[in-house]
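Visitor: Whatever this is, show me its structure:
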Amino acid sequence: MKVDLHIHTCYSDGAFSPEKIVDCAIEAGLGVIAVTDHDNVLSYGIASEYAKDKPLEILPGVEINTLYKGYEVHILGYFMDLNNSDFQKLIKNQQQARVKQTKEIIYLLSKKAGIKITYDSIIKQVAEGGSIGRPHIAKAITNAGGTSSVIEAYNKYINDDSNVYVQRKTVSPFDAVEVIYDAGGIPVFAHPFDVDIADKLTVEMMNFGLRGLEAYHRKHSPAIIEYFSTLAEKYGLIVTGGSDFHAPNPNNGNIIMGKNFVPDWIYDELMKEKRRMELAK
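Guide: Down below sits the predicted model:
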């Protein structure tokens with residue numbers, strides 16, 4: 001059974017609706033997926049309802065964007081109680097931080113770069129209630145004629161070295177892990193290869209409830225997969241993985257159907273961890 005535990009929809013920075021994600025997953029022969037939008041869980045109910053008579057299992061998931069010592073650290077969560085008050089508060093605070101950051105960047109773009117974009121031009125790029133972020137700001141800059149491409153917008157304006165960029169006031173990875181764990185969820189360190197201090201940070205986050213490492217990821221080579229799988233085994237963590245799908249890649253076809261499929265035993269281990277945590281409560 002093919003599994004993909006890291007997928008984004010139009011409720012964050014993905015290109016497809018939850019319904020289209022379900023159709024693509026079935027077409028790709030996947031049996032289990034998790035929708036893991038940034039800082040919100042709105043797509044889960046939509047995808048689940050659409051898939052209820054289809055040969056596909058949808059797992060509740062989320063990807064929380066955090067900051068720690070200048071690093072962007074992403075924390076995946078699976079099987080949280082989505083109505084848990086602390087989890088809901090976390091999501092609400094993350095959304096408010098996104099709005100505040102975006103409005104500050106819009107102001108600085110106008111004042112310092114002479115580029116005028118509107119908040120509406122950004123929020124219309126995501127489904128209602130979805131998470132706005134840097135990709136949407138970059139696209140709005142390009143659409144307004146501020147740059148000739150989204151890549152140029154990133155290079156000139158959407159980075160820490162730009163005088164119009166404002167870093168988001170987000171939670172720490174420890175807070176995100178703890179809230180997910182306390183809500184009955186399984187917190188996982190997403191694409192740890194992106195973080196230079198991943199080894200040390202993994203140990204620190206375990207003190208707050210970290211239960212897994214995302215070893216399988218489209219950016220991880222076989223050697224990197226082996227490295228983080230070994231690290232997970234060393235610390236008694238589970239291994240997860242997914243495509244981190246956002247949009248089709250014209251060079252490689254649909255990333256959902258990419259090379260880096262997750263072994264079916266990953267799903268089994270995730271479900272074992274879920275049952276273990278339920279028994280421990």
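Visitor: measure Ser43 to Ile132 for me?
Guide: 15 Å (C-beta to C-beta, to the nearest Å). Every C-beta, even on glycine, is put in place using the N, C-alpha and C of the backbone.
Visitor: Comparing the two, which shows the higher neighbour count?
Guide: Ser43 (28 against 23; other C-beta atoms under 10 Å).
Visitor: Tell me which helix or strand that one sits in.
Guide: Ser43 is part of helix 42-51, with elements assigned from DSSP states H and E.
Visitor: For that helix, buried residues please.
Guide: Buried residues in helix 42-51, counted by 16 or more other C-beta atoms under 10 Å: 42-44, 46-48, 50-51.
Visitor: residues contacting the residue minimising distance to the centre of the chain?
Guide: Compute the mean C-alpha point of the chain, and by C-alpha atoms, centre = their mean the closest residue is Glu63, 3.5 Å away. When contacts are counted by C-beta atoms under 8 Å, 6 or more residues apart in numbering, Glu63 is found next to 6, 8, 12, 36-39, 74-77, 190.
Visitor: So what's the residue count around the closest residue to it other than its chain neighbours?
Guide: Spatial nearest neighbour of Glu63, excluding adjacent residues (C-beta to C-beta, 6 or more residues apart in numbering): Thr36 at 4.5 Å. Look at Thr36: counted by other C-beta under 10 Å, it has 31 neighbours.
Visitor: try Ala280
Guide: The burial count assigned to Ala280 is 6, neighbours taken as other C-beta under 10 Å.
Visitor: can you check Phe193 too?
Guide: Neighbourhood size, Phe193 [other C-beta under 10 Å]: 16.
Visitor: Tell me if it really is in a strand.
Guide: No - Phe193 is assigned helix when assessed by DSSP: H, G, I helix; E, B strand; the rest coil, not a strand.
Visitor: okay, the nearest residue to it once chain neighbours are set aside: pLDDT?
Guide: The spatial neighbour of Phe193 that comes closest, neighbours along the chain excluded (C-beta to C-beta, 6+ apart), is Ile224 at 5.2 Å. Listed pLDDT for Ile224 reads 96.
Visitor: from memory Ile224 sits against Asp194, does it?
Guide: No - here Ile224 does not reach Asp194: they are 10.6 Å apart, not a contact under C-beta atoms under 8 Å.
Visitor: coming back round to it: ok, now how distant is the residue nearest to Glu63 from Val203?
Guide: Taking C-beta to C-beta as the measure, Thr36 falls 24 Å from Val203.
Visitor: show me the contacts for the residue nearest to Glu63.
Guide: Counted by C-beta under 8 Å, 6+ apart, Thr36 has contacts 5-8, 61-63, 76, 242.
Visitor: could I get those as CSV with distance to Tyr119?
Guide: Shown next, in CSV, are the contacts of Thr36 (distance: C-beta to C-beta, whole Å):
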residue, distance to Tyr119
Leu5, 33
His6, 29
Ile7, 27
His8, 22
Gly61, 28
Val62, 24
Glu63, 23
Leu76, 29
Gly242, 31
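Visitor: Farthest-apart pair in these, please.
Guide: The distance between the two most remote of these (C-beta to C-beta) is 13.0 Å, for Val62 and Gly242.
Visitor: Specify which residue of these two has the higher count of neighbours.
Guide: Shown here are Val62 and Gly242; by other C-beta under 10 Å, Val62 has more neighbours (29 against 26).
Visitor: ok, and the closest non-adjacent residue to that one?
Guide: In space, and not counting its chain neighbours, Val62 is closest to Gly77: 4.8 Å by C-beta to C-beta, 6+ apart.
Visitor: On the three-state scheme, the one you found is what?
Guide: Assigned state for Gly77: strand (three-state reduction, three-state DSSP).
Visitor: count of neighbours near it?
Guide: If you count neighbours by other C-beta under 10 Å, Gly77 ends up with 28.
Visitor: Lys54 too?
Guide: When neighbours are counted by other C-beta under 10 Å, Lys54 comes out with 12.
Visitor: Any regions of the stretch 151-281 of the chain where pLDDT drops low?
Guide: Scanning the stretch 151-281 of the chain for pLDDT under 70 picks out 250-260.
Visitor: 80 instead, please
Guide: 249-261, 281 (pLDDT under 80).
Visitor: Could I get the full set of strands for it?
Guide: Ranges of strands within the stretch 151-281 of the chain are 186-189, 212-217, 238-242, based on DSSP state E, counting those that start in this stretch.
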